[in-house]
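In: Need coordinates for the below:
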Amino acid sequence: MNTTTPRIFIAATQQNDGKTTTSLGLFAALRKRFGRIGFIKPVGQRFVEVEGQRIDEDSVLIDQTFSVQTPLEAMSPIAVEPDFTRRYIEHQDGEFLVRRIQNSFDRTAWEKDFVIIEGTGHAGVGSVFDLSNARVARLLQSKVVLVVKGGIGRAIDEVALNRSLFEKEGVEVVGVVMNKVLPEKYEHVRDFVGRGLARLGLELIGAIPDEPLLANATLGQVCRNIRGDFLNGRAYARRRVQKVIIGAMNSSHVLQYLTPGTLLITPGDREDVILAAISMSALNEGDAQSIAGLVLSGDLLPQEPVRRLLMHSEVPTVTTKMDSYTAANTIHSMTVKTLPGDTERIARIQTLIDQHVDVERLLQKI
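Out: Sure, this is the predicted structure:
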């Protein structure tokens with residue numbers, strides 16, 4: 001296996017702490033310094049179908065954003081399908097999986113100046129099939145950066161716990177990146193976490209402030225999560241949802257809540273609320289001043305005259321079989337992922353990494 005190409009393993013203390021955000025931003029930052037950067041996600045839990053192959057969605061994101069020039073199957077050698085764990089426990093073909101990961105790394109590193117390896121979940125994820133993040137980092141002979149969500153006590157505790165698993169495998173954690181730090185507490189948190197990590201012999205090499213743009217889902221993401229369909233306005237699928245309300249009140253009262261970026265959820269037969277949304281959209285010209293959209297719940301549609309008005313309006317509308325409260329709860333609990341082509345979000349991630357992560361210090365440590 002290739003042992004000469006510089007590499008770093010991006011791990012996290014929990015799922016959805018910001019590994020992909022960090023990997024994407026570091027890829028852009030390192031490409032400015034080295035030129036040819038490789039990427040691999042050895043074990044992926046969320047995948048998409050690409051030409052009949054199951055490819056981790058983060059590998060697709062990196063490839064489509066940066067044109068990595070590496071076969072996708074090498075960037076995503078193992079996709080954990082629903083019955084993957086059961087089949088492994090029955091047959092335990094661990095050596096085959098190890099060879100696949102190492103061979104894929106060789107292909108990923110071919111003619112590259114640096115390789116980013118992205119883990120999945122916390123350090124112990126994958127232990128059930130003998131490929132925890134800690135073991136994979138050892139197999140690929142990589143040092144590790146740990147990503148942790150903003151906070152002080154809990155964040156330091158989680159870093160200490162996860163580092164112990166890497167140490168057990170003989171893998172060095174060279175630094176910590178803290179993500180989603182509340183802006184109003186930024187300096188305070190960065191100071192105390194830095195001091196707390198130093199007591200553990202670790203260095204805080206980055207603290208990324210919480211960014212609303214990265215937390216807000218697009219209308220298209222909402223549609224997928226509530227298993228909906230666009231009635232109209234599919235062209236606005238990338239419009240961002242800043243706030244979600246349920247239109248259960250009188251239409252005269254709902255108007256005061258329809259601020260720009262609001263997603264209104266209402267039963268499809270509440271024609272008074274639907275007409276209020278249409279009228280508000282007509283009053284506010286321009287995409288930036290518009291409500292994010294409308295969700296018609298309960299598998300209901302308004303009568304034909306109102307439906308016709310809606311179809312010719314500037315209000316993008318999604319229909320769903322879910323009731324209003326189930327739809328709202330689903331939206332509030334959804335994980336917002338960065339998707340290929342989301343240029344605004346990707347550009348903001350790159351800026352945040354440039355501004356808040358000490359890339360030069362990271363390179364010194366690896």
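In: Now do the helices in the stretch 151-300 of the chain.
Out: With DSSP state H, counting those that start in this stretch, the ranges of helices along the stretch 151-300 of the chain come out as 153-168, 186-199, 212-215, 219-225, 251-254, 271-283.
In: hey, which strand is longest across this structure?
Out: Longest strand of the chain, by residue count under DSSP state E: strand 173-181.
In: for it, what is the average pLDDT?
Out: Summarised as a single mean, pLDDT over strand 173-181 is 97.
In: Adjacent strands (with direction) for it?
Out: strand 144-149 (parallel), strand 204-209 (parallel) (DSSP bridges).
In: Can I get the helices of the stretch 151-300 of the chain in a markdown table including mean pLDDT, distance to G121 and mean neighbour count?
Out: In short, each C-beta sits where N, CA and C put it, glycine included. Listed next are the helices of the stretch 151-300 of the chain as a markdown table, based on pLDDT from 0 to 100; distance: least, CB to CB, whole Å; neighbours: other CB atoms under 10 Å:
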| stretch | mean pLDDT | distance to G121 | mean neighbour count |
| --- | --- | --- | --- |
| helix 153-168 | 97 | 10 | 18 |
| helix 186-199 | 97 | 21 | 16 |
| helix 212-215 | 86 | 19 | 13 |
| helix 219-225 | 95 | 20 | 20 |
| helix 251-254 | 79 | 41 | 15 |
| helix 271-283 | 84 | 40 | 19 |
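In: Okay, now the unreliable bits of the chain?
Out: Residues of the chain meeting the criterion pLDDT under 70: 282-289.
In: Break it down into its structural domains.
Out: Domain ranges of the chain: 7-214+338-365, 217-333, per automatic domain parsing.
In: sorry, back to before: comparing the strands paired with strand 173-181, which comes out most buried?
Out: strand 144-149 (a mean of 25; mean count of other CB atoms under 10 Å).
In: how close does F129 sit to I78?
Out: F129 sits at a distance of 9 Å from I78 (criterion: CB to CB, to the nearest Å).
In: Dump the domains of the chain into CSV; add distance to M1 as well.
Out: Shown next, in CSV, are the domains of the chain (distance: least, CB to CB, whole Å):
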stretch, distance to M1
domain 7-214+338-365, 4
domain 217-333, 38
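In: that older thread, looking at the helices of the stretch 151-300 of the chain, which is closest to E90?
Out: Nearest to E90 among these is helix 153-168 (25.8 Å), distances taken as CB to CB.
In: Nearest residue to the middle of the protein?
Out: K337 (3.2 Å; CA atoms, centre = their mean).
In: wait, is that one part of a helix?
Out: No. Read with DSSP: H, G, I helix; E, B strand; the rest coil, K337 is coil and lies in no helix.
In: Check which helix or strand the residue located most distally from the centre of the chain maps to.
Out: The outermost residue of the chain, judged against the average C-alpha position, is P305 (40.5 Å), by CA atoms, centre = their mean. Per DSSP states H and E, P305 falls inside helix 304-311.
In: ditto for G38
Out: strand 37-40.
In: Partner strands of the helix or strand that comes right after that strand and their direction?
Out: Counting by DSSP H and E, the next helix or strand C-terminal to strand 37-40 is strand 43-44. According to DSSP bridges, strand 43-44 forms sheet pairs with strand 78-79 (parallel).
In: Beyond the partner strand, next helix or strand please.
Out: The element immediately downstream of strand 78-79 (helix or strand, assigned by DSSP H and E) is helix 84-91.
In: Report the buried residues of that following helix.
Out: For helix 84-91, a neighbour-count test (16 or more other CB atoms under 10 Å) marks Y88 as buried.
In: ok now that helix, how far from the chain's centre?
Out: Distance of helix 84-91 from the chain centroid (CA atoms, centre = their mean, to the nearest Å) equals 28 Å.
In: Who are the packing partners of the helix or strand following that helix?
Out: Remark: after helix 84-91, the chain's next helix or strand is helix 94-109, criterion DSSP H and E. Using 3 or more CB pairs under 8 Å, 6 or more residues apart in numbering; DSSP states H and E, the elements in contact with helix 94-109 are strand 37-40, helix 72-75, strand 78-79, strand 114-118, helix 133-139.
In: could I get the ones you listed as TSV with mean neighbour count?
Out: Shown next, in TSV, are those (neighbours: other CB atoms under 10 Å):
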stretch	mean neighbour count
strand 37-40	25
helix 72-75	20
strand 78-79	22
strand 114-118	24
helix 133-139	25
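In: could the ones you listed go into TSV alongside distance to T319?
Out: Below are those laid out as TSV (distance: least, CB to CB, whole Å):
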stretch	distance to T319
strand 37-40	38
helix 72-75	34
strand 78-79	31
strand 114-118	36
helix 133-139	40
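In: For L263, find the nearest of the ones you listed.
Out: Nearest to L263, of all these, is strand 114-118, at 30.8 Å by CB to CB.
In: Could you tell me the angle between the closest one and helix 94-109?
Out: 140 degrees (axes from the mean of the first three to the mean of the last three CA atoms, to 10 degrees).
In: got a list of what the residue nearest to R307 when sequence neighbours are not counted touches?
Out: Nearest non-adjacent residue to R307, counting by CB to CB, 6 or more residues apart in numbering: L301, 6.0 Å away. For L301, the contact set (CB atoms under 8 Å, 6 or more residues apart in numbering) comprises 231, 268-269, 307, 319.
In: so how far is V159 from the spatially closest residue to L197 that is not a sequence neighbour?
Out: Spatial nearest neighbour of L197, chain neighbours left out: L204 (5.3 Å); criterion: CB to CB, 6+ apart. As judged by CB to CB, L204 and V159 stand 10 Å apart.
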